[in-house]
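Undergrad: sequence and predicted structure below; questions after.
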Amino acid sequence: MLKRSRGGIQFVKHLPMTDEQAFEAACGLGLEAIVSKRLTATYKSGPCKAWIKVRNPKPSAYMRIIDGTF
C-alpha cells in the first residue's frame with residue numbers, strides 16, 4: 001500500500017504489487033511521479049540511466065491550477 005508522505009520523497013523497500021498497480025496507486029494519491037532504480041544497477045546519486053522517473057499525467061497540483069483552486 002502506498003501512503004502520502006509530507007517529506008516529499010519516501011523510500012519503499014518492496015511493494016507487493018505490479019508496476020502498473022503501483023503507478024495507478026501513486027496517481028490516485030495525486031503524486032507527481034514514481035522514481036525507481038534498475039535492480040541490477042549499483043547506487044549512484046545524481047542523474048544517470050539507472051534511475052527512471054515515470055510522471056503522473058495529471059498530478060494534483062496541475063489539476064488545482066486547471067480548476068482554479070490552487
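TA: Received the coordinates, thanks.

Undergrad: name the SS class of S36, please.
TA: Following DSSP: H, G, I helix; E, B strand; the rest coil, S36 is assigned to strand.

Undergrad: once you drop chain neighbours, what's closest to it?
TA: I52 (5.4 Å; Cβ to Cβ, 6 or more residues apart in numbering). In short, each C-beta sits where N, CA and C put it, glycine included.

Undergrad: and that neighbour, helix, strand or coil?
TA: I52 - assigned by three-state DSSP - is strand.

Undergrad: I figured it hits A33, correct?
TA: No - using Cβ atoms under 8 Å, I52 makes no contact with A33, being 9.8 Å away.

Undergrad: the more surrounded of those two?
TA: Per other Cβ atoms under 10 Å, whichever of I52 and A33 has more neighbours is A33, with 14 against 11.

Undergrad: quick check: the more buried one touching P57?
TA: No - the pair formed by A33 and P57 falls short of the contact definition of Cβ under 8 Å, at 10.2 Å.

Undergrad: for this structure, what's the longest helix?
TA: Scanning the chain for the helix with the most residues, using DSSP state H, yields helix 19-28.

Undergrad: please name the residues that touch the residue nearest to S36.
TA: Neighbour list for I52: V35, S36, K37, R38 [criterion: Cβ atoms under 8 Å, 6 or more residues apart in numbering].
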